[in-house]
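# Return atomic coordinates for the entry below.
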Amino acid sequence: QVQLVESGGGLVQTGGSLRLSCAASGVTKSIVAMGWYRQAPGKQRELVAGISSGGSTDYKDSVEGRFTISRDNAKNTLFLQMNSLRPEDTAVYYCYLDYLDVNLKRYWGQGTQVTVSS
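Below you'll find the predicted structure:
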């Protein structure tokens with residue numbers, strides 16, 4: 001069973017930085033993609049950044065140039081380096097993993113809170 005465990009969230013001031021990690025376990029077959037979503041109170045969950053198995057990355061426009069997604073393939077760990085944080089980045093951040101077993105299935109982490117104070 002694939003499990004994702006996130007860490008690295010917390011409280012930071014505007015302009016500060018945080019680094020989120022997402023460790024995947026139980027991975028025995030192909031990872032198609034991994035990435036990060038976030039959900040702020042009263043808002044829908046939105047895609048923040050994604051990275052394919054080939055290393056291609058994609059970012060939400062508002063985080064482009066401030067956030068960097070990366071992946072340690074050997075350790076099945078995903079990272080999100082977040083710089084120049086803004087109050088509007090405040091949300092619960094969830095990592096996901098798209099996994100090809102018999103069918104393509106998406107797994108989710110439990111979420112980690114990021115709070116940016118003004």
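# Distance-wise, check Met34 relative to Trp108.
Counting by C-beta to C-beta, to the nearest Å, the gap from Met34 to Trp108 is 11 Å. Backbone N, C-alpha and C define where each C-beta goes, glycine included.
# Secondary structure class of the nearest residue to Lys60 once chain neighbours are set aside, three-state.
Excluding the flanking residues, the one nearest Lys60 by C-beta to C-beta, 6 or more residues apart in numbering is Val48, at 5.3 Å. What DSSP: H, G, I helix; E, B strand; the rest coil gives for Val48 is strand.
# same thing with Lys43?
Lys43 ends up coil, using three-state DSSP.
# number of nearby residues for it?
Lys43 has 9 neighbouring residues, counting by other C-beta atoms under 10 Å.
# and the spatially closest residue to it that is not a sequence neighbour, what is it in contact with?
Among residues not flanking Lys43 along the chain, Ala91 sits closest, at 7.8 Å (C-beta to C-beta, 6+ apart). Taking C-beta atoms under 8 Å, 6 or more residues apart in numbering as the contact definition, Ala91 lies against Arg38, Gln39, Ala40, Lys43, Gln113, Val114.
# got the residues you listed as JSON lines, with pLDDT columns?
Output for these, formatted as JSON lines (pLDDT from 0 to 100):
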{"residue": "Arg38", "pLDDT": "98"}
{"residue": "Gln39", "pLDDT": "98"}
{"residue": "Ala40", "pLDDT": "97"}
{"residue": "Lys43", "pLDDT": "96"}
{"residue": "Gln113", "pLDDT": "98"}
{"residue": "Val114", "pLDDT": "98"}
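# if we can go back for a sec, and the pLDDT at the residue nearest to Lys60?
You'll see Val48 listed with a pLDDT of 98.
# Next: Leu11.
Looking at Leu11, the pLDDT reads 98.
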